[in-house]
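Asker: compute the structure for the input listed below.
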Amino acid sequence: MLLALQQVKLGYSFAESLKNTSLFPHFDYVLLANAEASGKVEEVLKQLALRYSKKYEAQQELKSQMGYPVFIFISALFLLGVPGLANGEITLQQYFMGNIATLALCAVIIYLFTKVYKEIEENPQWIKVNEVIMFHVPYLGYFLKNKNLEDYFYSLSLLIEAGIPIVEATGYVNFLSNNTIFRSATEDIKMKLMAGESIYSSFSQSGLFPEDYLPALLTAEKTGKYAECFKTISLHVGDLASQQQSRFLSLVPRLIYFGALLYIAFVLLQAQQQRLDSIRNVIGT
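Answerer: Residues are numbered from 1 along each chain as shown. Sure thing, here's the model as predicted:
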């Protein structure tokens, strides 16, 4: 940030100074450059700060809601070798090495899952699989769709508020999402707008945006208040995404608790069975 301050003193614009720091994405540079030209830097900066603040709060909420269930899951994993350790079948070193290997395997599986999903999301060859996840997988698909819609409409509102024409704004927003479904739909919207079609017609034909929001687009087209309209839609979709995230996050811990309890019961039953076998051997002798 000191570099940005120095460049402002040298006569660079605020947007150019931030761009040269390489700390901000290209979208923010475009947004601020147009905000400077239209004299709306303060308003746009406030909206950007709000956007990043919400993302940070969502990340913190995810960490806080998943922390304890993950701890329970790891604790359950450590019960894996307890019967063998108690019976002397494995050493303490083998017990800890086995648990560490199990945790490492879980970490690798999670990493591979995220990499595979990213490939599915970004590669057009996997668009059919992406559609199945987005439109047919309960909780997760609905959440991903709404989060993409929230980012799309909020970004669009920021660009228009900064003074960028709506057709040009749809072109910038098209590059924000890595999801091939959204990029295809938003590109189609941009091409229709460039061809002279109305906002309502362009969005309604995409097949991606919920019909509940289409009347608001029609109203915005009549009043010219596109930024307010898109921001309202973004806030509504964001609330739906937050609700879905809360439901999903409340479901995941329950599954972890249930799996942990089943595993604990299995370990206890296994230990009890070994005791009974030992008693039978003693009685039999």
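Asker: longest helix in the chain, by residue count?
Answerer: helix 226-284 (DSSP state H).
Asker: where do the strands sit along the stretch 51-200 of the chain?
Answerer: With DSSP state E, counting those that start in this stretch as the criterion, the stretch 51-200 of the chain has no strands.
Asker: how about low-confidence regions in it?
Answerer: 80, 83, 87 (pLDDT under 70).
Asker: which elements pack onto the longest helix of the chain?
Answerer: Judged by 3 or more C-beta pairs under 8 Å, 6 or more residues apart in numbering; DSSP states H and E, the packing partners of helix 226-284 are helix 41-77, helix 82-87, helix 140-161, helix 214-223. C-beta coordinates here come from the backbone N, C-alpha and C atoms, glycine included.
Asker: please redo it, this time with the cut-off set to 6 Å
Answerer: The contact analysis (3 or more C-beta pairs under 6 Å, 6 or more residues apart in numbering; DSSP states H and E) places helix 226-284 against helix 41-77, helix 140-161, helix 214-223.
Asker: could you give the angle of it to helix 41-77?
Answerer: For helix 226-284 against helix 41-77, the angle by axes from the mean of the first three to the mean of the last three C-alpha atoms, to 10 degrees is 10 degrees.
Asker: show the average pLDDT along helix 226-284.
Answerer: In this model, helix 226-284 has a mean pLDDT of 78.
Asker: pick the most deeply packed of the helices and strands packed on helix 226-284.
Answerer: Each of those was assessed for mean neighbour count using mean count of other C-beta atoms under 10 Å. The highest is helix 140-161, with a mean of 22.
Asker: what comes into contact with that one?
Answerer: Residues outside helix 140-161 that contact it (C-beta atoms under 6 Å, 6 or more residues apart in numbering): 31, 47, 133-135, 166, 169, 172-173, 176-177, 179, 182, 226-227, 230-231, 233-234, 237-238, 240-241, 244-245, 248.
Asker: mind putting the helices and strands packed on helix 226-284 into a markdown table with distance to Tyr111?
Answerer: Listed next are those as a markdown table, based on distance: least, C-beta to C-beta, whole Å:
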| stretch | distance to Tyr111 |
| --- | --- |
| helix 41-77 | 15 |
| helix 140-161 | 18 |
| helix 214-223 | 40 |
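Asker: so for Phe258, which of the ones you listed sits nearest?
Answerer: Nearest to Phe258, of all those, is helix 41-77, at 10.6 Å by C-beta to C-beta.
Asker: what packs against that closest one?
Answerer: Secondary-structure packing of helix 41-77 (3+ C-beta pairs under 6 Å, 6+ apart): helix 26-38, helix 226-284.
Asker: quick one: that helix to helix 140-161, angle?
Answerer: Using the same axes, to 10 degrees: helix 41-77 against helix 140-161 is 160 degrees.
Asker: what about the nearest residue to Ser75 once chain neighbours are set aside, how many residues nearby?
Answerer: Among residues not flanking Ser75 along the chain, Ala260 sits closest, at 7.4 Å (C-beta to C-beta, 6 or more residues apart in numbering). Neighbour count for Ala260, taken as other C-beta atoms under 10 Å: 18.
Asker: state the distance from Ala260 to Leu251.
Answerer: Per C-beta to C-beta, to the nearest Å, Ala260 is found 15 Å from Leu251.
Asker: and what of Lys63?
Answerer: 17 Å.
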